[in-house]
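Trainee: generate coordinates for the sequence data below:
(chains A and B)
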Protein chains: 2
Amino acid sequence: MSHELIEQVFVPAFGSSILAELDDGAWIEASGPNVCITTDAFVVKPLFFPGGDIGSLAVYGTINDLAVMGAKPIALSCSFVLEEGLELPILKRIAASMAAASKSAGVPIVTGDTKVVEKGAADGVFITTTGVGQPMDNARLRCRGLRRRGLGCRGLGYNRIEPGDNVIITGTIGDHGTAVLLARERFEISSQVASDCAPIHELVATALASGADVKFMRDPTRGGLATVLNEIASKCGMSIAIDEANVPIKTEVSAALELLGLDPFYVASEGRCVMVVAASDAQRLVATLAGHELGRQSAVIGRVEKAPAGMVSLASSVGGRRILPMLTADQLPRIC
Amino acid sequence: MSHELIEQVFVPAFGSSILAELDDGAWIEASGPNVCITTDAFVVKPLFFPGGDIGSLAVYGTINDLAVMGAKPIALSCSFVLEEGLELPILKRIAASMAAASKSAGVPIVTGDTKVVEKGAADGVFITTTGVGQPMDNARLRCRGLRRRGLGCRGLGYNRIEPGDNVIITGTIGDHGTAVLLARERFEISSQVASDCAPIHELVATALASGADVKFMRDPTRGGLATVLNEIASKCGMSIAIDEANVPIKTEVSAALELLGLDPFYVASEGRCVMVVAASDAQRLVATLAGHELGRQSAVIGRVEKAPAGMVSLASSVGGRRILPMLTADQLPRIC
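Mentor: Next comes the predicted model:
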């Protein structure tokens, strides 16, 4: 079955000449010896949701993980675990979505694998995508090879973050998680919420090319903005203070999450980027980001402070300050 | 749960300094701009079998896919889909096995991802590994960049295969599939069969470094030797004639498969390589391979013939000749 699927579904959909050779792998050509690799498993439920599906999510999610590493995505691999009995039209629709996402982002799918397991041994479709990237222009990398050659001293990384740095988000929070949750649970909430699922590599490249001293980037996916901020605070041993009033959130997302009893700071986005940037460059960077389609609602939402170490706090719009803790349990499983 | 698993199981087991940084990806340094990428999903059942487990299989399987592309493996990524309720000791055992395999092969696991799905939505553990490699010494590649620079004219690839070329296998066939099947079905067959699961990158590097004109390589995994040979015959529009008497197979594998009613030519190996080589270099290459621990039983098993196009035939030890067709259905699902 796998063999036929590859020839009948994936090769025609992806249309990559390298993939069409059906080799055990693919040779690609990067700009130089430094390459970035990232991988993600996608188990989102349901497979289709407003604004996307497991296919586009897998392509964009991996592109975005490369982007926040300062890497320009150059190729993707994908592997499928399929449940026997999965309807072919569903698989074709997912493959077409991946192909469209790959094409629109300009990143080809060059190799893949497919395994079929018996009915009941998997839930429809699981996809793992792996991405390979090369250094973006102006990305000051911290990989050891570059460090050895003296190029890494201003690289991207936790170790570059300092008190006083500003925290930027490139758009509204929680859209993706809310859209998936509403699609999954079939709540009786009439909603216009769609996933923000999108490839942010060009937005990130624009930010780096602007010359702003971007020190760290991360996409707030599973666990949302609060989880990314807690990871930063914990890794740096510093504190992050967020101003709630400055955090962009759509009214319909906010309303839906209030009804569901969920905190938007913990709900996933799939087309946003958190950036930590030198304070002196922050306003200029926001202006640059806002000039890009995917960054229109970019905003400075907070700053890094020296203490208390590892803490993320939120100054509420209505006064007062609360802690945003690291959640130990996954609030929303199978959101990506 | 994923977050804890990563910090408590995978990082300690894999011990990679890059992985320990828990970034969204990893920067690695290849020898140059040409890199090979390959990916495989592993859904083997049972998770543990004589001679290996899903962890070592995932590591070696991906290393081997790079090797047959003429690539020296330099880094691996791994992604896990775990079924909720999976016992932690099982996961730790798998992680330890992957770590040991990665260490013994000299190929680090540099990045990964973990998703947990609810009980019943997956069968224990699925692993997808992706490998990145750089050109092996003396591997004449066919990737477009190299071709443009005039280096690809003698590359590895179907297009280099000619009538008269010899077909070599580097060891016994069917060990892996037989071992997994016996472990799965709990047959009342007392057996010493163990999987041949092993990393063949050094064996392949030795073959290429010998200077023999190796034209094509493939590891005979799913679908076994017959499937690889059919792919070659079909892609080249030539015929392949195999001499059954020359194909190495262990007595216990042969006996077990006979009882099970399975044809060893369709049963997977996980530590073997099929090589197509110029006839004049074949015997010398076999001698070279036999000097390597994993190639002791290497043998010339057949030759490429001009016609009939796309056909694989087998001259039986007892006289007569039969066709080895391409199977359309998977004879042994979840063997890898």
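Trainee: so what are the sheet partners of whichever strand in chain A runs longest and their directions?
Mentor: Ranked by residue count, the top strand of chain A under DSSP state E comes out as strand A:71-83. Applying DSSP bridges, strand A:71-83 is found paired with strand A:109-117 (parallel), strand A:125-135 (antiparallel).
Trainee: any idea what residue A:299 is bridged to?
Mentor: residue A:169.
Trainee: that older thread, can you dump the C-alpha atoms of the longest strand of chain A in CSV for me?
Mentor: Extracted in CSV, the C-alpha atoms of strand A:71-83 (Å, rounded to 0.1, in the frame of the first residue of the first chain):
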residue,chain,number,x,y,z
ALA,A,71,18.0,29.6,9.5
LYS,A,72,16.6,30.1,6.0
PRO,A,73,14.6,26.9,5.2
ILE,A,74,15.9,25.1,2.1
ALA,A,75,14.3,21.7,2.1
LEU,A,76,11.8,19.5,4.0
SER,A,77,11.4,15.8,4.5
CYS,A,78,8.1,14.3,5.6
SER,A,79,7.1,11.0,7.1
PHE,A,80,3.6,9.7,7.4
VAL,A,81,2.1,7.1,9.8
LEU,A,82,-1.3,6.2,8.4
GLU,A,83,-4.1,4.2,9.9
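Trainee: can you pull the contacts of the residue of the stretch 151-300 of chain A found nearest chain B?
Mentor: Nearest to chain B, among the residues of the stretch 151-300 of chain A, is residue A:218, at 6.7 Å (CB to the nearest CB). C-betas here are computed from N, CA, C, even on glycine. Contacts here follow CB atoms under 8 Å, 6 or more residues apart in numbering or on different chains; on that basis residue A:218 touches A:68, A:228, A:231, A:232, A:273, A:274, B:24.
Trainee: residue B:273 versus that one, what's the distance?
Mentor: 41 Å (CB to CB, to the nearest Å).
Trainee: go on, residue A:205?
Mentor: Remark: distance between residue A:205 and residue B:273 (CB to CB) = 41 Å.
Trainee: flag every residue of the stretch 201-336 of chain A that's near chain B.
Mentor: By CB under 8 Å from any CB of the partner chain, the part of the stretch 201-336 of chain A that sits against chain B consists of A:218, A:219, A:222, A:223, A:231, A:328, A:329, A:330, A:333, A:334.
Trainee: return the member of those nearest to residue A:180.
Mentor: residue A:334 (8.1 Å; CB to CB).
Trainee: nearest residue to the closest one other than its sequence neighbours?
Mentor: Distances taken as CB to CB, 6 or more residues apart in numbering or on different chains put residue A:45 closest to residue A:334, at 4.4 Å, once the chain neighbours are dropped.
Trainee: need the pLDDT of the one you found.
Mentor: Listed pLDDT for residue A:45 reads 95.
Trainee: CA atoms only: put the helix or strand residue A:12 falls within into CSV for me.
Mentor: If you go by DSSP states H and E, residue A:12 is part of helix A:11-14. Taking Å, rounded to 0.1, in the frame of the first residue of the first chain, the C-alpha atoms of helix A:11-14 are listed here in CSV:
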residue,chain,number,x,y,z
VAL,A,11,4.8,12.3,-5.9
PRO,A,12,2.1,13.9,-8.0
ALA,A,13,1.1,16.3,-5.2
PHE,A,14,4.6,17.4,-4.2
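Trainee: can you show me the strands along the stretch 1-150 of chain A?
Mentor: In the stretch 1-150 of chain A, the strands defined using DSSP state E, counting those that start in this stretch lie at A:26-29, A:34-42, A:48-49, A:52-53, A:71-83, A:109-117, A:125-135.
Trainee: dump those strands to JSON lines, plus distance to residue A:170, mean neighbour count and mean pLDDT.
Mentor: JSON lines is the format used below for the strands of the stretch 1-150 of chain A (distance: least, CB to CB, whole Å; neighbours: other CB atoms under 10 Å in any protein chain shown; pLDDT from 0 to 100):
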{"stretch": "strand A:26-29", "distance to residue A:170": "28", "mean neighbour count": "23", "mean pLDDT": "89"}
{"stretch": "strand A:34-42", "distance to residue A:170": "19", "mean neighbour count": "28", "mean pLDDT": "95"}
{"stretch": "strand A:48-49", "distance to residue A:170": "21", "mean neighbour count": "20", "mean pLDDT": "96"}
{"stretch": "strand A:52-53", "distance to residue A:170": "18", "mean neighbour count": "24", "mean pLDDT": "98"}
{"stretch": "strand A:71-83", "distance to residue A:170": "17", "mean neighbour count": "26", "mean pLDDT": "95"}
{"stretch": "strand A:109-117", "distance to residue A:170": "26", "mean neighbour count": "24", "mean pLDDT": "93"}
{"stretch": "strand A:125-135", "distance to residue A:170": "19", "mean neighbour count": "28", "mean pLDDT": "96"}
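Trainee: quick one: closest of these to residue B:261.
Mentor: That would be, of those and by CB to CB, strand A:109-117, which comes in at 22.3 Å.
Trainee: just want the angle from the closest one to strand B:34-42.
Mentor: 10 degrees (axes from the mean of the first three to the mean of the last three CA atoms, to 10 degrees).
Trainee: show residues contacting strand A:109-117.
Mentor: A:1-2, A:5-6, A:10, A:14, A:16, A:18-19, A:23, A:25-26, A:28, A:59, A:75-84, A:98-99, A:102, B:37-43, B:123, B:126, B:128, B:330, B:333-334.
Trainee: which residues touch residue A:305?
Mentor: Residues near residue A:305 by CB under 8 Å, 6+ apart: A:163, A:238, A:239, A:240, A:241.
Trainee: show me where pLDDT drops low in chain A?
Mentor: A:1-3, A:17-18, A:20-22, A:138-154, A:187-190 (pLDDT under 70).
Trainee: now the helices for chain A?
Mentor: A:2-5, A:11-14, A:17-20, A:54-68, A:88-105, A:144-148, A:175-185, A:201-209, A:224-236, A:251-260, A:279-290 (DSSP state H).
Trainee: helices or strands up against the longest one?
Mentor: The reference is to helix A:88-105. Under the contact definition 3 or more CB pairs under 8 Å, 6 or more residues apart in numbering or on different chains; DSSP states H and E, helix A:88-105 sits against helix A:11-14, strand A:52-53, helix A:54-68, strand A:71-83, strand A:109-117, strand A:125-135.
Trainee: residue A:250 is in contact with residue A:171, isn't it?
Mentor: No: counting by CB atoms under 8 Å, residue A:250 does not reach residue A:171; the two are 9.7 Å apart.
Trainee: make a markdown table from the strands paired with strand A:71-83 and add distance to residue B:324 to it.
Mentor: Formatted as a markdown table, the strands paired with strand A:71-83 follow (distance: least, CB to CB, whole Å):
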| stretch | distance to residue B:324 |
| --- | --- |
| strand A:109-117 | 23 |
| strand A:125-135 | 33 |
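Trainee: quick revisit: can I get the strands of the stretch 1-150 of chain A in a markdown table with distance to residue A:288?
Mentor: Shown next, in a markdown table, are the strands of the stretch 1-150 of chain A (distance: least, CB to CB, whole Å):
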| stretch | distance to residue A:288 |
| --- | --- |
| strand A:26-29 | 30 |
| strand A:34-42 | 23 |
| strand A:48-49 | 31 |
| strand A:52-53 | 26 |
| strand A:71-83 | 18 |
| strand A:109-117 | 31 |
| strand A:125-135 | 20 |
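Trainee: tell me how many other residues crowd residue A:200.
Mentor: 29 (other CB atoms under 10 Å in any protein chain shown).
Trainee: one more: residue A:226?
Mentor: Neighbours of residue A:226 (other CB under 10 Å): 25.
Trainee: tell me the spacing between it and residue A:244.
Mentor: Counting by CB to CB - residue A:226 and residue A:244 are separated by 12 Å.
Trainee: contacting residues for the nearest residue to residue A:327 once chain neighbours are set aside?
Mentor: Ranked by CB to CB, 6+ apart and with sequence neighbours excluded, the top spatial neighbour of residue A:327 is residue A:266, at 6.1 Å. Contact analysis of residue A:266 by CB under 8 Å, 6+ apart lists A:223, A:224, A:225, A:226, A:227, A:327, A:331, A:332.
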